[in-house]
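Student: Need coordinates for the below:
(one chain, ligands or ions: 1)
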Amino acid sequence: MTSRELSITRLRDTLRHPTLYFANGDLVVSAESSDGSGMQLFRVHTVILAQHSPVFGDMLAIPAGPDGRETYDGAHVVRFPDTAEDVEKLFSVFYNPGFPLFKRSDSDFAVDVYGLMRIATKYQIDSICRAVKHHLECEWPHTVEELVRLHNDLKVAISRPLQSSPKPDHTAYKLFPEPASAIRLATDFDVPSILPAAYYILSTIAIEDTWDSTVNLGLHPLRRRARFELLGDAELVRYFRGKAKLAREFVAMYKQVLDPAMTKLIYVDIEEDEVINRCDYQQECGTALASIEGAIDEGHRESFEGAVWDSMHADPLMALHNVAHLGALEEQLCFSCVYLVIRTIGQFQKKMWDDLPKTFNLVSDS
Ligand SMILES: [Zn+2]
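Tutor: Down below sits the predicted model:
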């Protein structure tokens with residue numbers, strides 16, 4: 001036995017991976033566990049590695065030095081500087097078609113896939129990077145309509161167990177993709193398209209609602225949590241500033257759509273350049289709008305204003321959606337006014353959504 005062989009066989013507590021150690025493999029890859037518990041050995045095939053990654057191809061083609069290569073169990077050994085956990089995920093993708101990474105609405109996705117993305121990026125395995133980015137982009141809404149759909153899906157999912165049990169399910173937040181880990185992944189690996197939606201949803205979560213918090217979340221089963229600990233200072237500044245800005249915009253918007261002056265507006269269709277409608281009941285509709293605004297104010301004044309908002313799980317886009325779906329609108333206003341209010345709310349929602357990159361300071365300076 002040569003001294004090179006001995007150096008690794010001495011590590012008797014070294015673990016062969018239970019499934020990723022193929023007897024006919026021509027290459028042994030060793031990597032340290034991240035918790036310092038020891039070394040893991042994978043026995044794989046050079047040809048498979050080289051096929052997936054140009055970096056592996058170059059690395060494994062380097063001829064052995066004068067001492068020859070380190071060997072183990074009759075195969076050449078390559079020591080990877082990456083963690084055994086990352087290497088395990090990478091080889092799992094190579095050897096298990098459909099490796100179960102891409103579940104829908106998986107709140108752990110961004111956490112589970114982070115190590116894989118790190119090692120795939122490092123070794124330039126574009127197919128994995130593309131698949132992760134694609135899945136992330138599919139999971140996050142790109143329009144107000146998609147946001148509303150996501151919210152409604154969650155409500156349906158929550159209401160099912162509620163029908164059979166009077167106890168609300170406080171784990172419903174796990175049915176949603178989790179925004180803080182998604183922001184971490186998207187920021188570190190360049191998937192900017194999901195950031196506006198992820199920051200928006202993050203801003204609807206109170207800072208104390210951390211993922212592992214054992215604090216009683218109260219009675220609202222829709223209340224979500226986030227892994228705030230994964231965010232750095234820059235991301236947290238975006239969260240706080242964006243949340244405050246959205247609160248101010250929302251208050252201005254809902255006051256405007258429920259302003260009695262709405263009855264006097266003449267809606268001009270820009271494309272047709274003609275007057276579409278005008279309220280014939282300005283007195284009645286004006287009074288109704290004022291009372292609807294008053295009722296909302298009464299119920300939500302505290303949560304819409306100042307510091308209290310900051311600690312709330314306030315969701316201004318859904319709040320506007322809810323105003324547009326108030327039964328009182330159709331019951332108390334004329335058709336023209338309802339049309340105008342709902343249309344205006346739709347325009348405000350679109351503006352709020354389109355402004356999210358600015359709201360969360362995601363626009364590059366260039
Ligand atoms: Zn009217």
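Student: which residue sits closest to E293 in space, ignoring its chain neighbours?
Tutor: Sequence neighbours aside, L258 is the residue nearest to E293 in space, at 3.9 Å (criterion: Cβ to Cβ, 6 or more residues apart in numbering). Glycine gets a C-beta too; all of them are placed from N, C-alpha and C.
Student: In this structure, where is pLDDT below threshold?
Tutor: Within the chain, the ranges that satisfy pLDDT under 70 run 1-13, 62-68, 100-101, 158-170, 214-222, 266-277, 297-313, 365-366.
Student: hmm, try it at 80
Tutor: Residues of the chain that meet the criterion pLDDT under 80 lie in 1-14, 60-69, 97-101, 154-175, 212-223, 264-278, 295-314, 364-366.
Student: burial count for K358?
Tutor: Number of residues near K358 (other Cβ atoms under 10 Å) recorded here: 12.
Student: what about it, which helix or strand?
Tutor: In this assignment (DSSP states H and E), K358 forms part of helix 356-359.
Student: packing partners for that helix?
Tutor: helix 195-203, helix 233-257 (3 or more Cβ pairs under 8 Å, 6 or more residues apart in numbering; DSSP states H and E).
Student: Render the CA-only coordinates of the shortest one in PDB, please.
Tutor: To tie it back to what came earlier, the one meant is helix 195-203. Extracted in PDB, the C-alpha atoms of helix 195-203 (Å, rounded to 0.1, in the frame of the first residue of the first chain):
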ATOM      1  CA  LEU A 195     -38.100  40.700  -6.000                       C
ATOM      2  CA  PRO A 196     -41.000  43.200  -6.300                       C
ATOM      3  CA  ALA A 197     -43.600  40.500  -5.400                       C
ATOM      4  CA  ALA A 198     -41.400  38.900  -2.700                       C
ATOM      5  CA  TYR A 199     -40.700  42.300  -1.000                       C
ATOM      6  CA  TYR A 200     -44.400  43.200  -1.200                       C
ATOM      7  CA  ILE A 201     -45.500  40.000   0.500                       C
ATOM      8  CA  LEU A 202     -42.700  40.400   3.000                       C
ATOM      9  CA  SER A 203     -44.000  43.900   3.800                       C
END
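Student: orientation of that helix relative to helix 233-257 in degrees?
Tutor: 80 degrees (axes from the mean of the first three to the mean of the last three Cα atoms, to 10 degrees).
Student: Residues in contact with helix 195-203: which ones?
Tutor: Contacts to helix 195-203, defined as Cβ atoms under 8 Å, 6 or more residues apart in numbering, come from residues 140-142, 147, 176, 179-180, 182-183, 186-187, 224, 226, 238-239, 242-243, 246, 317, 353, 356-357, 360, 362.
Student: Filter those down to the buried ones.
Tutor: 140-141, 147, 176, 179-180, 182-183, 186-187, 224, 226, 238-239, 242-243, 246, 317, 353, 356, 360 (16 or more other Cβ atoms under 10 Å).
Student: Residues of the chain that sit close to the ion?
Tutor: Proximity of the chain to the ion, by Cβ under 5 Å from the ion, involves residues T263, C279, Y281, C285, C334, C337.
Student: so where does the fourth one fall, helix or strand?
Tutor: Same thing as C285. With DSSP H and E as the test, C285 turns up in helix 282-304.
Student: quick revisit: would you mind finding the most buried of the helices and strands packed on helix 356-359?
Tutor: helix 195-203 (a mean of 25; mean count of other Cβ atoms under 10 Å).
Student: Give me the distance between K350 and the ion.
Tutor: For K350, the distance to the ion equals 23 Å [Cβ to the ion, to the nearest Å].
Student: hang on, V156 is in a helix, isn't it?
Tutor: Yes: under DSSP: H, G, I helix; E, B strand; the rest coil, V156 falls within a helix.
Student: could I get the longest strand that the chain contains in PDB with only the CA atoms?
Tutor: If you go by DSSP state E, the chain has its longest strand at strand 75-83. The C-alpha coordinates for strand 75-83 follow below in PDB (Å, rounded to 0.1, in the frame of the first residue of the first chain):
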ATOM      1  CA  ALA A  75     -10.400   4.700  -7.500                       C
ATOM      2  CA  HIS A  76      -8.800   8.100  -7.900                       C
ATOM      3  CA  VAL A  77      -9.800  10.600  -5.100                       C
ATOM      4  CA  VAL A  78     -10.700  14.200  -5.600                       C
ATOM      5  CA  ARG A  79     -11.200  16.400  -2.600                       C
ATOM      6  CA  PHE A  80     -14.000  19.000  -3.000                       C
ATOM      7  CA  PRO A  81     -13.700  22.200  -1.000                       C
ATOM      8  CA  ASP A  82     -17.600  22.300  -0.900                       C
ATOM      9  CA  THR A  83     -19.700  20.900   1.900                       C
END
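Student: Next secondary structure after that strand?
Tutor: Strand 75-83 is succeeded, C-terminally, by helix 84-95 (DSSP H and E).
Student: Return the list of helices and strands in contact with that next one.
Tutor: strand 15-21, strand 27-32, strand 39-44, helix 46-52, helix 109-122.
Student: partner strands of the third one, parallel or antiparallel?
Tutor: Counting by DSSP bridges, the strands paired with strand 39-44 are strand 15-21 (parallel), strand 27-32 (antiparallel).
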